[in-house]
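Enquirer: Sequence and predicted model, in that order:
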Amino acid sequence: MNRSLPLNALQVFDVAATELSFARAAERLFVTHGAISRQIRTLEDALGLPLFERRNRAVFLTPAGERLHATTRQMFEQLTQTVASLRPVAASRTLVVSCEPTLAMRWLIPRLGAFAQAHPDIALHLHSAGGPIDLASAGVDVAIRRNDFFWGHTLVAEPLADEWIGPVGLPTAFDAPHPTLLHTRTRPQAWHDWQRAMKADGQALPHGRYAARAGTPPPFEHFYLSLQAASAGLGAAIGSVYMVGDELRDARLIAPHGFVRDGSAYVALARDAFSANPATQALLAWLRTAMVEAALPWIGSSATDVTG
């Protein structure tokens, strides 16, 4: 076969094969699910054989896909190492930051310009990923995560901000006696956690208004998608104050019950003490300040009260 393989499609395939999910690959690459499918189809057409098996809304690598992934993984790792070696020594002020996808897309990315203005000598390279991470093998300096998993005993964890959640949607979403509740696979207990937190906070809710009901839409694959669905008028979703603050400010969403702590928090993870590197120390301070500023209009002075 003399037909050359499209490099972009190979990169898309490598990410999709690593994630075993077109939806998560789309989040990492900041493209649509359809764009991922088209690139995979282009590559499969070029090779003349399938690379993924699609079963029950899940994808699995075929034997050919596994062989190709072993090569693309090595190829892109070598490419990353080579590019890094070609960069000037000044790249020591470059920080590779891994951030949970929804927080990255809805909060961090819109504020990267502000960080660049405050710290023009520090370049941030952002990776979108969630959950456990091996910082060394991933080449990541700082990971921003919610503390809903165990990250081991070798990483340094610095608190950033408590998580505050509450139902959000268009005004019409809350007009009905029983709003349509939107759920997500990545936070399946979000509605339960909110109602528990409201009760613990001494806030009463109308009896049965937010109870689970037949006909509830199937859960969305990711937290980000449930918030997008709420913005589109499909129902009410549980939102994080950091991820919906911009929409609340612009009156594109409402939060009729405000926000309550759900017991979790965001942390910054690193291999060494943040104080050992002026760049990571500067990033930590900026993240804390920026998260307080984002939450302050909606939760008041409680935004400055961070549990360690």
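Expert: The structure has been received and is ready for your questions.
Enquirer: Show the contacting residues for residue 184.
Expert: 190, 219, 220, 221, 222, 223, 225, 226, 237 (C-beta atoms under 8 Å, 6 or more residues apart in numbering). (Glycine included, C-beta is placed from N, CA and C.)
Enquirer: can we see that at 7 Å?
Expert: Residues near residue 184 by C-beta atoms under 7 Å, 6 or more residues apart in numbering: 190, 219, 220, 222, 223, 225, 226.
Enquirer: Kindly report the same for residue 245.
Expert: Residue 245 neighbours (C-beta under 7 Å, 6+ apart): 294, 295, 298.
Enquirer: Can you tell me which of those residues are buried?
Expert: Buried members of the contacts of residue 245, scored by 16 or more other C-beta atoms under 10 Å, are 294, 295, 298.
Enquirer: any residues touching stretch 225-232, and which ones?
Expert: 106, 168-169, 173, 182-184, 220, 235-237, 239, 243-244, 247, 252-253.
Enquirer: same thing but 8 Å
Expert: With C-beta under 8 Å, 6+ apart, stretch 225-232 has contacts from 23, 102, 106, 168-170, 173, 182-184, 217, 219-220, 235-239, 243-244, 247, 252-253.
Enquirer: ditto for stretch 168-179
Expert: 167, 180, 208-211, 213, 227, 230-231, 233, 235-239, 244, 247-248, 253-256.
Enquirer: Weed out the non-buried ones from the contacts of stretch 225-232.
Expert: Using 16+ other C-beta under 10 Å, the buried ones in the contacts of stretch 225-232 are 23, 102, 106, 168-170, 173, 182-184, 220, 235-239, 243-244, 247, 253.
Enquirer: Without its sequence neighbours, what residue ends up closest to residue 287?
Expert: Leaving aside its sequence neighbours, residue 287 sits nearest to residue 160 (C-beta to C-beta, 6 or more residues apart in numbering; 5.4 Å).
Enquirer: What residues does the one you found make contact with?
Expert: 144, 265, 266, 267, 268, 284, 287, 288, 291, 306.
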